[in-house]
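Asks: quick one, fold the following:
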Amino acid sequence: MNEIVKLDKEKIRKEAFTSLKIRQEKSVIETFLEVSKRLTPLWDIRDYVAVNPFFGFKDKNFLELAKYMRHISGKDTLPKKEFFLKKYQSGEITEYDLEVAKKLYLKEIHNNSLSDITIKELMDFIRSSERKVCDLKFRAVSDLYDLENNEKTTELITKEISRWASAYFDEGQALWKIETKDTRLYTWWKSLVKYDRPFDGKTNRFNEIVELLPESPKKALESLTDILLEKISLEQDDLSNYYYRLIYTTLGWSSYIQKFEFEANRSGESSKLKEIGGLIDIVVMRMAYDIALLDEISVVSLEGQHCSNKDDRDLDLIYIWLNAVECAYRRRVEETIKSSVNSKDLNSRPDIQMAFCIDVRSEVLRRHLENSSHKIQTIGFAGFFGVPISVKGLGHKGSDQNCPILLNSAYEISEVETKDETSLKNKKQAFAQTQYFKKSVQASANSGFSFVETLGFSYIGKILKSGIFQKKPNLDISSMGLSEKDKENIQFDFEKIKIEEKVNLAFNALKNMGLTKNFAKFVFFIGHGSESSNNPYASALECGACAGHNGQSNAIFLATILNDLEVQAKLKSKGIEIPRDTLFMSGWHNTVKDEIHIDKFEGLSLKQGQELSLYEKKFREASKNCQKERARNLPNCSKLKDSELSGELFQKANDWSEIRPEWGLARNASFVVGRRELTRSLELDGRAFLHDYDFEQDKDLSILELIMTAPMIVTNWINMQYYASTVNPQKFGAGNKVLNNVVGGIGCIQGNESDLLGGLTEQSVLYKGDYFHEPLRLQVFIEAETSAIDEIISKHQMVRELISNNWLKIISINPKNLKFKIFQSDSWIEPKEDLWN
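Replies: Okay, the predicted model is just below:
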């Protein structure tokens, strides 16, 4: 090992805060802030929100990002070869698809070295078992130390950071809460870590470095960077990559703390961010461990013996195959739509209209509902139904956001009791106190064993009843001790919302879902939610448009204000006339059982009750057919008799040991925006988000603009969350659910120690070690002329970057002739005509 000059305390004190050398064009803080924009937030598991983990890289081309992630992580973010080979062998990918994919690739990437590649060469590549193993291109100091000493110090540091962060952010799970005294994370850590000896003899420099760090995390980052640059020469891009490598090794906690910055920017309220600190706190902590190892390495460069760009050729070939499997999927959807455009008259008045969330799980149920009766019409719309609310539960101190996290909730609605003013509230609070007492006793070092000895035997019956002999739903934490009958005696208080605000909410919701005329006798808003027991990731199965919560509250809210006669009168003056016999109702779709729950409605006439009763039979029939279709992909369900299926789904919802109550949004692949005539009765296999849109009612393109800037972004986030969790489950997924433990009440770690886990568990995307979710980019089909779509793309940079850099694919369906064109490299292409000219 080369002789390294030891750190001199006085030199540090005098020079540590000086500016970077002239080779750095930007200041340390400017460089860091640019890097921080690359990070996507991570939300608590109780408010789980699917996010595109690569959203901060949307200004980069999709393939360019794949190469960068290989160099920064040593892992690939493109699907494995075996996935494409199976698709080809099964006939799903044809040679035509490969030809189109190659031509699209060359138009996008302009790679002359692959311009003459043949189908045979592509086939030979995908059949070969050779796997490219690339060294890291961008390394932290700890990576170099591990390389020289065959150790796992980077992993050790990640666990150290996780230990401190989980203690700091704990929200009541830990029995012995560490006092933070309202100090930011970095300050709190610095005051305590000086007593630590994290490296166990590897280096003695850590405590010395921590002692000399400034109180300001910004100055600390500058200080540590200066020390790094004393030994290792870095260009501007190298420093950016170094910072991102530090973030990547603590990606979970870094993403979690980034949530607070995201929310501060969205709301304009930064008090929470000032209180806890930001991403810079985590990075400074991580870098302190790194710099402590600086004198223990012999190399003078952080750049590894990495793959050259030429060595990344395999990624270019895999990318062509990704284009091919997407081309095959688009081709099938196009053929299905062209051959089955529904010619039924949808202008006659239906008896029932049911607005569902655009969620892919709704696609199957909507189809079976419409197939059960031509008098039932369904509508696809964002599952928060256009009402940006937060919901304060009965007896709760705070409220939960029930609208997309891209928005601020504008109104808080509260649960209130319809009968006794305190009985249900007391019941919920007593249940919560009992749970807290049990947890405290079980976790106590003194009483844990005596608790098991005294009461453990009494739990045998409960365990068996909640598993093998389950007959009714558990009253667990999610139900807060209330039965379904109890919940019927809870309603919402909307009185604080002014009439003008109710009218505006109602008008915009109806306009944007295309429901401004031809109202049915019964109009239902059907939110959706999931049902499972002992499932930390339960909110991941709830409504994404409701920030990981059940959309029932939003459905009740909208139905209630639309039944208000004063609201209806004011809507008439705005051009929306609601018939006197139209009744708005609410309910929710249980996505585990595929059942529709209709909320109790007081005041139905005898005739209305009789009509509704007839259609409720249709709802149950549709549910049964939906269960049978979705059971084909559910483990242990595909071979069950119809009479057994409902019981098995009930078991999945209530069994404490169930690891996969449902598949959620796995296999999502497309977002279809257009009139219901395009997709009515089409079997899209529960893979399509469906949003109603009538171009003829959108002369100013305001509805299309809303769809492309809100639901399309949300569906991209969902799609990329599933994609990333599938192709790189170790880093962008949440590991094996069986081995996960909840930490701090905010997230999960793997086993006893790991970084905070983001993304989806293996049980959500894999089956028996293989892909269940098919990692395709979202294919967005929009029934609108290309000029209309171009207008929206040109107005919004975020939309433009996602489309131009191929994070999703946009396909225009011409409303006049059903001609399909794909947007590629800033132009519209009809593959069969344009790519061979």
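Asks: quick check: which ranges of the stretch 651-800 of the chain have low pLDDT?
Replies: When residues are selected by pLDDT under 70, none of them lie in the stretch 651-800 of the chain.
Asks: next: the stretch 101-250 of the chain.
Replies: Low-confidence segments of the stretch 101-250 of the chain (pLDDT under 70): 133-134, 174-181.
Asks: how about the strands in it?
Replies: Taking DSSP state E, counting those that start in this stretch, the stretch 101-250 of the chain contains no strands at all.
Asks: thought Pro217 was touching Ile282?
Replies: No. Judged on Cβ atoms under 8 Å, Pro217 makes no contact with Ile282 at a distance of 9.6 Å. Yep, even glycine has a C-beta here, placed from its N, CA and C like the rest.
Asks: between those two, tell me which one has more neighbours.
Replies: Ile282 (26 against 23; other Cβ atoms under 10 Å).
Asks: who's in contact with the more buried one?
Replies: 161, 165, 185, 247, 250, 253-254, 257 (Cβ atoms under 8 Å, 6 or more residues apart in numbering).
Asks: same deal with Thr786?
Replies: Neighbour list for Thr786: 812, 814, 821, 823, 828 [criterion: Cβ under 8 Å, 6+ apart].
Asks: next, the second one: phi, psi?
Replies: The main-chain torsion angles of Asn814 are listed as degrees, to the nearest 10 and equal phi -60, psi 120.
Asks: that one and Ile358, how far apart?
Replies: Using Cβ to Cβ, to the nearest Å, Asn814 is found at 22 Å from Ile358.
Asks: between those two, which is the more surrounded one?
Replies: Counted by other Cβ under 10 Å, Asn814 and Ile358 do not tie: Ile358 has more neighbours, with 25 against 14.
Asks: related to what we said a few turns ago, can you redo the contacts of Thr786 as a markdown table with secondary structure, pLDDT and distance to Asp146?
Replies: As requested, the contacts of Thr786 are arranged in a markdown table below (DSSP: H, G, I helix; E, B strand; the rest coil; pLDDT from 0 to 100; distance: Cβ to Cβ, whole Å):
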| residue | secondary structure | pLDDT | distance to Asp146 |
| --- | --- | --- | --- |
| Ser812 | strand | 98 | 50 |
| Asn814 | coil | 96 | 57 |
| Lys821 | strand | 96 | 51 |
| Phe823 | strand | 97 | 44 |
| Trp828 | strand | 96 | 50 |
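Asks: okay, now the domains of the chain?
Replies: Domain ranges of the chain: 9-36+167-296, 78-134+309-334, 352-418+489-654, 665-834, per automatic domain parsing.
Asks: out of these, the one nearest Tyr48 is which?
Replies: Relative to Tyr48, the nearest member of these by Cβ to Cβ is domain 352-418+489-654, separated by 3.9 Å.
Asks: how far does that closest one stretch from one end to the other?
Replies: End-to-end distance for domain 352-418+489-654: 32 Å, by Cα to Cα, to the nearest Å.
Asks: chain center to that domain: distance?
Replies: 21 Å (Cα atoms, centre = their mean, to the nearest Å).
Asks: using TSV, lay out the domains of the chain together with distance to Arg70.
Replies: Formatted as TSV, the domains of the chain follow (distance: least, Cβ to Cβ, whole Å):
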stretch	distance to Arg70
domain 9-36+167-296	12
domain 78-134+309-334	6
domain 352-418+489-654	27
domain 665-834	10
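Asks: quick one: which of the ones you listed is nearest Val51?
Replies: domain 665-834 (5.0 Å).
Asks: distance-wise, check the nearest residue to Lys795 once chain neighbours are set aside relative to Asp698.
Replies: Excluding the flanking residues, the one nearest Lys795 by Cβ to Cβ, 6 or more residues apart in numbering is Glu705, at 7.2 Å. Look at Glu705 and Asp698: by Cβ to Cβ, they are 9 Å apart.
Asks: for Glu417, same thing?
Replies: 43 Å.
Asks: neighbour count for those two, which is higher?
Replies: Legend: neighbour count by other Cβ under 10 Å for Glu417 and Asp698, higher for Asp698 (19 against 15).
Asks: now do the contacts for the closest residue in space to that one that isn't next to it in sequence.
Replies: Among residues not flanking Asp698 along the chain, Leu704 sits closest, at 5.7 Å (Cβ to Cβ, 6+ apart). The neighbours of Leu704, taking Cβ under 8 Å, 6+ apart as the test, are 673, 693, 695, 698, 782, 784, 788-789, 792.
Asks: secondary structure element for Leu704, which one?
Replies: According to DSSP states H and E, Leu704 maps onto helix 702-709.
Asks: and the helix or strand just after that helix, how far from the chain's centre?
Replies: Going down the chain from helix 702-709, the next helix or strand is helix 711-727, by DSSP H and E. Computed by Cα atoms, centre = their mean, the chain-centroid distance of helix 711-727 equals 6 Å.
Asks: mind listing what's buried along helix 711-727?
Replies: 711-727 (16 or more other Cβ atoms under 10 Å).
Asks: okay, the next helix or strand after it in PDB with CA atoms only?
Replies: Sequence order places helix 729-732 as the next helix or strand after helix 711-727, per DSSP H and E. C-alpha atoms of helix 729-732 as PDB (Å, rounded to 0.1, in the frame of the first residue of the first chain):
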ATOM      1  CA  PRO A 729     -35.700  -6.900  -7.100                       C
ATOM      2  CA  GLN A 730     -32.600  -6.700  -4.900                       C
ATOM      3  CA  LYS A 731     -32.400  -2.900  -5.100                       C
ATOM      4  CA  PHE A 732     -35.700  -1.600  -6.500                       C
END
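Asks: show me what contacts Asn814?
Replies: With contacts defined as Cβ under 8 Å, 6+ apart, Asn814 is in contact with 785-786, 820-821.
Asks: ok, back up a step: and the angle for the helix holding Leu704 with helix 711-727?
Replies: 20 degrees (axes from the mean of the first three to the mean of the last three Cα atoms, to 10 degrees).
Asks: switch to numbering from 47
Replies: OK, 47 is where the count begins now, so the last one is helix 748-755.
Asks: now helix 748-755 - C-alpha only, PDB.
Replies: Listed next in PDB are the C-alpha coordinates belonging to helix 748-755 (Å, rounded to 0.1, in the frame of the first residue of the first chain):
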ATOM      1  CA  SER A 748     -58.400  20.700 -21.600                       C
ATOM      2  CA  ILE A 749     -59.500  17.100 -20.800                       C
ATOM      3  CA  LEU A 750     -56.800  15.500 -22.800                       C
ATOM      4  CA  GLU A 751     -54.300  17.800 -21.200                       C
ATOM      5  CA  LEU A 752     -55.500  16.800 -17.700                       C
ATOM      6  CA  ILE A 753     -55.300  13.100 -18.600                       C
ATOM      7  CA  MET A 754     -51.700  13.300 -20.100                       C
ATOM      8  CA  THR A 755     -50.400  15.400 -17.200                       C
END
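Asks: buried stuff in that helix?
Replies: So, applying 16+ other Cβ under 10 Å, buried residues of helix 748-755: 749-754.
Asks: return the member of those nearest to Ile203.
Replies: Checking the buried residues of helix 748-755 one by one against Ile203 (Cβ to Cβ), the nearest turns out to be Met754, at 42.2 Å.
Asks: list the contacts of that closest one.
Replies: 828, 835, 838-839, 842, 845.
Asks: and for Ala96?
Replies: 586, 590, 711, 763-764, 767-768.
Asks: and what of Asn600?
Replies: By Cβ under 8 Å, 6+ apart, the residues touching Asn600 are 429-431, 433, 435, 448-449, 571, 573, 592.
Asks: rerun at 6 Å
Replies: 430-431, 433, 448, 573 (Cβ atoms under 6 Å, 6 or more residues apart in numbering).
Asks: okay, the host helix or strand of it in PDB with CA atoms only?
Replies: Applying DSSP H and E as the criterion places Asn600 in helix 598-608. What follows is helix 598-608, C-alpha atoms only, in PDB (Å, rounded to 0.1, in the frame of the first residue of the first chain):
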ATOM      1  CA  GLN A 598     -64.800   4.600  -1.000                       C
ATOM      2  CA  SER A 599     -64.700   7.900   0.900                       C
ATOM      3  CA  ASN A 600     -64.200   9.800  -2.400                       C
ATOM      4  CA  ALA A 601     -67.100   7.900  -3.900                       C
ATOM      5  CA  ILE A 602     -69.400   8.800  -1.000                       C
ATOM      6  CA  PHE A 603     -68.300  12.400  -1.100                       C
ATOM      7  CA  LEU A 604     -69.100  12.900  -4.800                       C
ATOM      8  CA  ALA A 605     -72.400  11.000  -4.700                       C
ATOM      9  CA  THR A 606     -73.500  13.000  -1.700                       C
ATOM     10  CA  ILE A 607     -72.900  16.400  -3.200                       C
ATOM     11  CA  LEU A 608     -74.400  15.400  -6.500                       C
END
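Asks: that's all I had, so thanks and see you.
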